[in-house]
Structure formats: structure tokens, C-alpha cells
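Please work out how this folds:
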Amino acid sequence: MTTLTVLPKMRAQSRRRVCVGCSVQIKGKIRRGKCEPCYRSRRGIPHRPSRHRVSPGELVLANIEVAPDGCWLYTGRVDREGYGKDPAVKGYSQQRAHRAAYVHAVGPLPRTVHLDHTCHSNDPTCPGGVTCKHRRCVNPAHLEPVSPRVNNERSNSRSAINARKTHCLNGHKFTPGDTRLRKRGGSTRRECRQCARDQQRERRRRRRQAQGD
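Residues are numbered from 1 along each chain as shown. You can find the predicted model right below:
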């Protein structure tokens, strides 16, 4: 008597569609054995880089508009502060567009280092703020790695404006011997010792005058 062996059914393997131009597995539309970018480049059709083959910095640099002053203005999305947002690419953490472009063109950058737009620092006519066009600049030549403190001191924020002051409200010059540093709420502010002495002298005068009356 002959015994028949029943073999388990094998799942049919799905045929992988691989581009003959770049050897990348194609998930979407295929044209004559090629992916969309390879097909367009073969026929001379301009296209933007494919997201599954490039980094966020390359996508940022592919969406720029060169200004007369040399700024590379990012034409993609911007956040509520006016800075460009890099496209979301799988495997990369999302960051601002100018930082992604700098990392792609120059190299890695520590998180503790900020990028200062020198094009804004060298333009005294720019008012700054959300409408500042320099915030959308992604030209690596216009970006300088600096510390967070230096980056803030070069800005037009309230703390930066106060840090650049050389005299107090009463005209006394800020000197190491006549300036007191006081921390309040996580921030450090300067106080004029001469103004404090004048206020204390005025309080004593009023106290003596009240006691004499």
C-alpha cells in the first residue's frame, strides 16, 4: 500500500517590483519598469527628488528661491515664528529647515548649538519678527554656529536689548563695581547700585521728616 504525504500549502510569494534604473523597490506607480523619478529623468521631465531616496536637507534645498541679496528663501511650510519647517521623512527627526540644510551641506550639529542668521545680523534695516524674510533663509553661508546666549544677544528680543544697554534709566553707567546681578524667576537682571543707594537715602530722608513732624 502506497502512503501519500500531504505537504502544507505554501503562500505564493508576491512579486517585488524593482526599478531597473535605481534598483529601489517600487510601492506606487511604475512606468516601463522604472520608478517615477527615473522615468521622468530619462525623458527629460523636471521633477523634485523622491522622499525615499534623499534626506530632509536635500528636500529643503530643492525648494528654495534665490533672493537678490544671496539668501536662499525656503518656499515650503513655515511655523508660527516664521521659520521654515523641513519635510517629514521617515527615519529623520523633524527640525527647522535652515538647520536641516546646514546639516546636509556642512555636517552634524550638536543640539546645544544654535544657528545664527548672519544675513539678518548684517541688515540694520530689517525689523525682525515673524515677517522677517531672513528666518526662511537656508543658505549655509549665511548660518553661523553659536551658543544660545550669543544667538539671543544678536537678536532684537527684550532681553537682548536690555543686555546691550550701557547705562541705567537714571544715566548711571553699568560698571563691574556699580552693578549688582540678581536672579528672579530663572533669569538674571542687572541692578544699578548707585540707584539703590539714592533710593535708600531718599527713604531715610522721608522717615526722618515723618518723625520730625
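
biggest helix in this structure by residues?
In the chain, with assignment by DSSP state H, the single longest helix is helix 193-212.

So for that helix, mean pLDDT?
For helix 193-212, mean pLDDT is 87.

quick one: the helices in the chain?
For the chain, the helices defined by DSSP H occupy 36-42, 56-61, 97-105, 118-121, 148-153, 158-163, 193-212.

Switch those over to CSV; also include mean neighbour count and distance to residue 185.
The way it works is simple: take the backbone N, C-alpha and C, and place the C-beta from them, glycine included. Below are the helices of the chain laid out as CSV (neighbours: other Cβ atoms under 10 Å; distance: least, Cβ to Cβ, whole Å):
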stretch, mean neighbour count, distance to residue 185
helix 36-42, 17, 53
helix 56-61, 23, 36
helix 97-105, 23, 29
helix 118-121, 18, 28
helix 148-153, 14, 16
helix 158-163, 12, 12
helix 193-212, 11, 20
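
To residue 175, which of those helices lies closest?
For residue 175, the closest of the helices of the chain is helix 193-212, at 9.2 Å, according to Cβ to Cβ.

Could you check how far that closest one is from the centre of its chain?
Relative to the chain's own centre, helix 193-212 is displaced by 50 Å; criterion: Cα atoms, centre = their mean, to the nearest Å.

And the contacts of the longest helix of the chain?
168, 169, 170, 172, 177, 178, 179, 180 (Cβ atoms under 8 Å, 6 or more residues apart in numbering).

Let me know the closest of these to residue 104.
If you rank the contacts of helix 193-212 by distance to residue 104 using Cβ to Cβ, residue 179 comes first, at 44.0 Å.

Among the contacts of helix 193-212, give me the pair with the biggest separation.
Checking the contacts of helix 193-212 with Cβ to Cβ, the most distant pair is 169 and 177, at 19.1 Å.

Looking at those two, which one has more neighbours?
Per other Cβ atoms under 10 Å, whichever of residue 169 and residue 177 has more neighbours is residue 169, with 8 against 5.

Excluding residues flanking it in the chain, which one is nearest residue 94?
Distances taken as Cβ to Cβ, 6 or more residues apart in numbering put residue 88 closest to residue 94, at 5.7 Å, once the chain neighbours are dropped.
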